[in-house]
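J.: Build me a model:
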Amino acid sequence: MARILAVDFGRRRIGLAVCDELQISVRGLPTLKVQNFNDSVAQVAKCAKCEVVEEVVIGLPLNMDGSRGEMAQVTEKFASQLAVLCNLPVHTFDERLSSVGAKRELHAMQKKKSRGEVDRLAAVLILETYLQHKGR
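T.: This is a model prediction of the structure:
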């Protein structure tokens, strides 16, 4: 099996998480602060290389009815450019409610709800859900 990097894409901050080689445990990585779209692609590509992953999954922010809004389109463009830069398989995965779930979990853990923590935890939830979806 291979390590997978999960990305909670945002215009200013990007949450990241990675799983182990057996795809059993998931850990959050430091949240990236980015300047622009190209900086986003470059920083995530660098992280994928540093973490020695073989696959990337990016949360796709669909509308509640399943339609694609502006942010979903930007995310798909990000995924496409990242795949070219990294030369890795890059998938998008429905992330509806991942940030809501992250906020609930942080509240339940009674931690300070900083934006970076929410982004990181959202990436963890995206990857955990993706791995469950794959049947692992």
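
J.: List the residues that contact the closest residue in space to Val90 that isn't next to it in sequence.
T.: Spatial nearest neighbour of Val90, excluding adjacent residues (CB to CB, 6 or more residues apart in numbering): Ala83 at 3.9 Å. (Glycine included, C-beta is placed from N, CA and C.) With contact set as CB atoms under 8 Å, 6 or more residues apart in numbering, Ala83 has these partners: 56, 89-90.

J.: mind listing what's buried in the strand or helix carrying Ala83?
T.: Taking DSSP states H and E as the criterion, Ala83 maps to helix 70-86. Within helix 70-86, the residues scored as buried using 16 or more other CB atoms under 10 Å are 72, 74-75, 78-79, 81-83, 85-86.

J.: Are there helices or strands packed against the helix or strand that comes right after that helix, and which ones?
T.: Under the assignment DSSP H and E, the closest C-terminal helix or strand after helix 70-86 is strand 90-94. Packed against strand 90-94, as judged by 3 or more CB pairs under 8 Å, 6 or more residues apart in numbering; DSSP states H and E, are the following elements: strand 55-60, helix 70-86, helix 115-133.

J.: still on that earlier bit, just the buried ones from the contacts of Ala83?
T.: 56, 90.

J.: Take the contacts of Ala83 and lay them out in JSON lines including pLDDT and distance to Val124.
T.: What follows is the contacts of Ala83, written out as JSON lines (pLDDT from 0 to 100; distance: CB to CB, whole Å):
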{"residue": "Val56", "pLDDT": "98", "distance to Val124": "15"}
{"residue": "Pro89", "pLDDT": "97", "distance to Val124": "20"}
{"residue": "Val90", "pLDDT": "98", "distance to Val124": "18"}
